[in-house]
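below is the sequence, then the predicted model.
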Amino acid sequence: MDKITRKTSFGQWFSPINIQLVEENVKTMRLDAYTKKLTTDSFLKLLLFAQLHETESLHALSDCLFNKHLQVSTNLDSISVSQLSRRLNGMNPVLFQQLFLDLVAQIHQKTNYAKITMPLKIIDSSTLPLNLTNHRWAKFRKTKAGVKLHLRLVFMEKGTSYPEKAVLTTANEHDRNQLEVMVDDKECMYVFDRGYLDYERFDRMTDDGYFFLSRLRKNAVIHECEDFQLPEGTTVLSDQAVLIGTTQNRAENIFRLLKVIDSKGNELQLITNRFDLSADEISEMYKSRWAIELFFKWIKQHLNIKKFYGQSEWAIHNQVYIALIVYCLNVLVQIKTRSKHKILKISRYLKASLWKPAHIWIRKIKGTAVP
């Protein structure tokens, strides 16, 4: 990042957004064909601003345009709530999904992802509750509605992690149905919880050359084939080669079963098709699964995906993808500045210096003196 720039902090933070990609989609999808005032570019900046400030509603967002700096940035002096609502509910989320994936590609490049021998990818989902009265299309129980965010998280060294792939479905979609969508790279290690247990898929993944690590249910039927010797000082209780499943529903491949104790003192059974790693390495890999729990907790606490602005399926998807874009932009700032600060502090510094010259915010992130 430039040390001296005329950009505002908001402009610098926003700069990784691929404007060419936006323009191509606007042209191809005719997103601005009937728009006189609220262009896609202006709308995108307003939604990003709303996420940063956790703006509670479209009414509140409309009122924010009283700020002259926001007016300059969005090229708007005012906008009605009805215009914002029509845009949010009627815009195809494909654009925001593509912008999210483009930012992920930039993070890959900045983190030398391609040079990592066996990246660790964590798969999980989280349900986002919706009001049943306003979101009948998302009904999944008699009195409840919701969407489910299926996510694949790249876990890097030094605690860095970032979302790489996201799929939104209604909340009644079972996690297992998304496993094949999320598993598409043979050069990595997938970690997921017992909600994804499917012996037939485990066989297919193994036969096709995909590596995985999951948790097995306590009542799983196990046939022990071989015991592996454990090294001294290990926290792993046992390490075995096993067949899993009943005679009627049994996996064909032999897998590796480890029994470990978690931080709460509970015994866990871990199943994997990796036999080339030590028992302790496998155990540590599963501990990394906690990163995705922390990610879901973070975005629900600090980004606006618990209270939604619109009622249509597209509106919900747009808001979730904007939240993921915000997170990726913050990760890129952290990487580019080599900041030791966590994402939350970087975001707080940004909100505090949103319309100030970018170099002030960047110096604060880097921990250098601000003149």
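Cool, the structure landed. Predicted, not measured: the structure shown is a model, and the values here were computed from it. Numbering: from 1, shown residues only.

spell out the secondary structure type for residue 149.
For residue 149, the secondary structure call by DSSP: H, G, I helix; E, B strand; the rest coil comes out as strand.

could you number the chain from 414 rather than 1 from now on?
Happy to do that; since the first residue is 414 now, the last one works out to residue 562.

and it, how far from residue 733?
6 Å (C-beta to C-beta, to the nearest Å). (C-beta placed from N, C-alpha, C; glycine too.)

overlap in contacts of these two?
The contact sets of residue 562 and residue 733 overlap at 541, 579, 581 (C-beta atoms under 8 Å, 6 or more residues apart in numbering).

what about the residues you listed, which are in strands?
Judged by DSSP state E, strands contain the following of the shared contacts of residue 562 and residue 733: 541, 579, 581.

re the thing from before, between the shared contacts of residue 562 and residue 733, which sits nearest residue 640?
residue 579 (40.7 Å; C-beta to C-beta).

pretty sure the closest one contacts residue 566?
No - if you go by C-beta atoms under 8 Å, residue 579 and residue 566 don't touch, sitting 9.8 Å apart.

those two - which one has more neighbours?
residue 566 (25 against 20; other C-beta atoms under 10 Å).

stretch 580-591: which residues count as buried?
581, 582, 583, 584, 586, 588, 591 (16 or more other C-beta atoms under 10 Å).

just stretch 474-485 next, same as before
Within stretch 474-485, the residues that count as buried by 16+ other C-beta under 10 Å are 474, 475, 477, 478, 483.

tell me which helix or strand the last one sits in.
Here residue 483 is covered by helix 481-487, with elements defined by DSSP states H and E.

out of the ones in strands among the shared contacts of residue 562 and residue 733, which comes closest to residue 764?
Nearest to residue 764 out of these is residue 541 (C-beta to C-beta; 23.3 Å).

hmm, that closest one is touching residue 730, no?
No - taking contacts as C-beta under 8 Å, residue 541 lies outside contact range of residue 730: 10.8 Å.

okay, and the common contacts of those two?
Common neighbours of residue 541 and residue 730 (C-beta under 8 Å, 6+ apart) are residue 560.

quick one, strands of the chain?
So, for the chain - with DSSP E - the strands run 533-543, 558-568, 574-583, 602-605, 624-629, 635-640, 651-657, 668-674, 680-685.

report pLDDT for the residue nearest the centre of the chain.
Centroid check for the chain by C-alpha atoms, centre = their mean gives residue 576 as the closest residue, at 3.3 Å. For residue 576, the model assigns a pLDDT of 96.

also residue 679?
At residue 679, pLDDT is 87.

which outside residues touch stretch 472-492?
So stretch 472-492 is in contact with 421, 423-424, 450-452, 454-455, 458-459, 462-463, 466, 468, 493-494, 497, 722, 767-768, going by C-beta under 8 Å, 6+ apart.

I'd like the average pLDDT over stretch 471-489.
Across stretch 471-489, pLDDT averages out at 95.

now that stretch - C-alpha only, CSV.
Taking C-alpha atoms only, stretch 471-489 is exported to CSV below (Å, rounded to 0.1, in the frame of the first residue of the first chain):
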residue,chain,number,x,y,z
LEU,A,471,-32.4,0.7,5.1
HIS,A,472,-34.1,3.7,6.8
ALA,A,473,-30.9,4.2,8.8
LEU,A,474,-28.8,3.8,5.7
SER,A,475,-30.8,6.4,3.8
ASP,A,476,-30.3,8.8,6.7
CYS,A,477,-26.5,8.2,6.6
LEU,A,478,-26.4,10.0,3.3
PHE,A,479,-26.6,13.2,5.3
ASN,A,480,-22.9,12.8,5.6
LYS,A,481,-21.1,14.7,2.9
HIS,A,482,-18.2,12.3,2.7
LEU,A,483,-20.5,9.4,2.0
GLN,A,484,-22.2,11.6,-0.6
VAL,A,485,-18.9,12.1,-2.4
SER,A,486,-17.9,8.5,-2.2
THR,A,487,-21.2,7.1,-3.5
ASN,A,488,-22.0,10.1,-5.9
LEU,A,489,-25.4,10.4,-4.2
